[in-house]
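Asks: Fold the stuff below for me.
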Amino acid sequence: MAAELTINETTPVPAGTEIFAKGDELTCVALVLKGRVTVSSMGIIVTLGSGNFLGICDVAKGEHSFTYVAGDGVSVYPLPINDIPKVKKLLEGKAQYRGLLVTSQNFFIRDINKSYNKLRNASGELLSFLTQSYEKYKNETTKAGLIPMEIPAIERMESEGPEEMKLPANLNYYLEVAGIEVEAQRSFLGAKSFVAFRHYIEQCELFPALIDGCRIYGEHIFKLFRSLIMDEKNIFAYATKTALDLKRSGQKSDALSSLIDEIIAKIDECEKLLIGTVGTDPKLNRSGMEKTYMALLSDSVPDEDGDEQGEEIDLSVLSGSLSQITNYSEVDDEVAADFKKSIEDFLKLSDKFGRTKEANTIRKRISEGFFTIYEAALIRSFSDPKPPLAVKLFLTYGYASEELLTEDDLKTLVTLPEIGAGELDCHVYTMAEWLREIYEGRKLPSKDEFDEDYEEHMRKEVPKGDKLAFPKAMADGKAKMHFEIDKLFRYADRLVNGNISTFVPVLCSEGIMTSLATSAVTGPSVNAAVRKIENVDYSIFYREVRTFYEQIEVNNFTNIERYTPDFILFPVCGGGAQMWQDIEGKQKTTHARILLPVLTENDINATMIKMMAHFRWEKCRTDMGAQWNNYRYPSLTSEYTDYLQFYKKNSDLSPEKKEKVKSQLTQAGNRHRDVFTKDYTDWILKEAAGAMRLNKISRDILFTYCPIAQEIAAGLVTQTSYADAAKRHVLELKKIEKNITTIEHKFNKNGMDIPAEIEQTKKFLLEA
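Replies: The predicted structure is shown next:
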């Protein structure tokens, strides 16, 4: 839940509410007046109290580096600051803010530096523990006459660890300043705005290095933790296996038992660190770990397979997946070799998602080869009813190599539910299925990022003197599929992933910040989320169709047809989603296209509400054409645009409501669609349940153009707040009912059956 901030006004924030979210555009900052706020980023979890300016460290960046969540009893004072000149003006005009702002930054820097040192030290200690434990395990296993198992990830750890970070030279100065008595700091810094502003600018330059350092060491600890317990080839599993083998043979190793106790203690310590400081829950399978440990402590001797956890999945078929995929695609040897080399170089990176020049170059090379190989492998799969498992996973999830995933992630991946299972109201396609629809002519290619479709593109590309070239291009399934891959897949894959600057199209465990088992997007999950919204906003998928009935002399009757969106699942794990286009080609009575990751990091219900809001907005823009924002032509978009442009002059809004609208516009970067999206979310989740969250103007517009299903509305229309909107809605329904009754009468009078589309329209509009 996001906070609703009112600029230049004390704003209470409920506990658990996000004040700002990491990655969001910085449109304002907020001074904490009361309470405590949890500030988090990868590797950083600190608490800030009153007197701290939330977001002020990122004004130059223009994007929040942290997520700020309110604790109990929090009140903030939002300030309209979103660039450096405004900070300078604030410090020049508000002497009381100078010492407060800069001093609070000093303490914030000190707290982040503590996290940095804690993670750096923990990373080194865990690496040392793993390498020493691995040597002890191998020695004790060899002493017992058994053959120790190799753990390649541990063997290459020392050569792949993160390089020592170089923090800014003036960091120590600000750490020392943070140690000075608070009042002395404030008195000095508050004396001159020039001094305060210079300190502020230098402070802001410290944050990127500290944030990056915490992220790098946090990710490294998580990587080491995998080798400690999470990967199939982990030190806990191998040490306990040796101990159980010895127990079955009537032997015992005190040194090995002691090592296992140390490993368990380190697992507990690291799990606590990951959750409490890094901010990542590893979702450790403690029941399995405890079951194995109890088997060691019990008096009974376990069976050979007694320590196995569940049914084993044979993953040998995925051995050499990278070669399987490139060989199957039959691309040029040079393309295959470069893609393999890119993946190998990616595997060697200690920080695969770092922003170094080397990492950026390798990720770019992977992307260059990925889409070429994907297209070639897909075309071959069209004539192959049983492609190899590695190829199917590649086409559906972006899987490229078994070495990029942990054993647990591999097992989860091959057991994920079928994506399109069951009867689906909204079509949900994997990328491979969608491209086949294009290839075989059942779907038109999508528009590109510049809103140009395949037909427009080919009219520019084909020779003008060749009359056969254009019809041939329009019938060329392979060319149309290539256009879809080149213009949609390549471009939107990184948008759907959400990590624009560190994007890589292949599936990698280090880039998965969620549980694979719960992240899979399927046809049933998408349809269930859409159905919840349509149960409230019942007319969302209606399309008007002009119909002529010459037999009864009716030249213009509006029937209703229902067109649900098509959902395209991109083979990537991420937190993005895109409402790409609301119609197919130029025909309005067609299906919209919404892009989703096949493995999502976000709640599918929240994502779907956002996508449906965007769909509502874009559908109206298409229907209205050039008049979409012209108030003389009433529509959802024109009335919302008018409302947001002239809210200051609206006598139906109180001063408090006007400030709230102003705050909404500020937070949305003055993007009207984003304000509507927030209101639409409240409309579906809150207002439909009887909780008043909208003002009179926005409520009236939504009631008119996104009417609530009648059985829900029946409980709302008696409330005063809904009176005007309900009256308008009822009058519109009576008008529709009169038109339908009139045309039904004409058919009956002429002894004709009422057409099915009229019956369907009546059901849609009057019985919803």
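
Asks: Quick check: residue 620 touching residue 639?
Replies: No. With contact defined as C-beta atoms under 8 Å, residue 620 does not reach residue 639; the gap is 9.9 Å. To be clear about C-beta, it is placed using only N, CA and C from the backbone, and glycine gets the same treatment.

Asks: which residues do these two both contact?
Replies: Residues touching both residue 620 and residue 639 by C-beta atoms under 8 Å, 6 or more residues apart in numbering: residue 705.

Asks: those strands in this protein, which residues are they?
Replies: Secondary structure of the chain (DSSP state E): strands located at 11-13, 18-20, 29-34, 37-41, 44-48, 53-54, 67-70, 74-79, 428-430, 542-549, 554-562, 566-574, 578-581, 593-600.

Asks: Sheet partners, orientation included, of the shortest one?
Replies: This points to strand 53-54. According to DSSP bridges, strand 53-54 forms sheet pairs with strand 29-34 (antiparallel).

Asks: in the strand it pairs with, what counts as buried?
Replies: The neighbour-count check on strand 29-34 (16 or more other C-beta atoms under 10 Å) flags 29, 30, 31, 32 as buried.

Asks: mind putting these in JSON lines, distance to residue 417 and pLDDT included?
Replies: Below are the buried residues of strand 29-34 laid out as JSON lines (distance: C-beta to C-beta, whole Å; pLDDT from 0 to 100):
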{"residue": "29", "distance to residue 417": "44", "pLDDT": "94"}
{"residue": "30", "distance to residue 417": "42", "pLDDT": "95"}
{"residue": "31", "distance to residue 417": "48", "pLDDT": "95"}
{"residue": "32", "distance to residue 417": "45", "pLDDT": "95"}
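
Asks: From the residues you listed, pick the one nearest residue 327.
Replies: Residue 327 has its nearest neighbour among the buried residues of strand 29-34 in residue 29, at 55.0 Å by C-beta to C-beta.

Asks: Skipping its backbone neighbours, what lies nearest the closest one in space?
Replies: residue 55 (4.2 Å; C-beta to C-beta, 6 or more residues apart in numbering).

Asks: I figured the one you found was touching residue 30, is that so?
Replies: Yes. Here residue 55 lies in contact with residue 30, judged by C-beta under 8 Å, at a distance of 6.6 Å.

Asks: Find the residues that touch each one of these two.
Replies: 20, 68.

Asks: tell me the contacts of the closest residue to residue 404 other than its chain neighbours?
Replies: Using C-beta to C-beta, 6+ apart and skipping the chain neighbours, the partner closest in space to residue 404 is residue 508 (4.5 Å). Counting by C-beta under 8 Å, 6+ apart, residue 508 touches 346, 352, 404, 405.

Asks: Would you mind measuring from residue 655 to residue 642?
Replies: Computed with C-beta to C-beta, to the nearest Å, the distance linking residue 655 and residue 642 is 20 Å.

Asks: Compare the two (neighbour count), which wins?
Replies: Per other C-beta atoms under 10 Å, whichever of residue 655 and residue 642 has more neighbours is residue 642, with 18 against 7.

Asks: Run a quick neighbour tally on residue 754.
Replies: Neighbour count of residue 754, defined by other C-beta under 10 Å: 15.

Asks: didn't it look like it was pressed against residue 744?
Replies: Yes. Residue 754 is within contact range of residue 744, at 5.6 Å (criterion: C-beta under 8 Å).

Asks: List the contacts of the residue nearest to residue 748 when sequence neighbours are not counted.
Replies: Distances taken as C-beta to C-beta, 6+ apart place residue 754 nearest to residue 748, at 7.5 Å, with adjacent residues excluded. Taking C-beta under 8 Å, 6+ apart, we find residue 754 in contact with 744, 747, 748.
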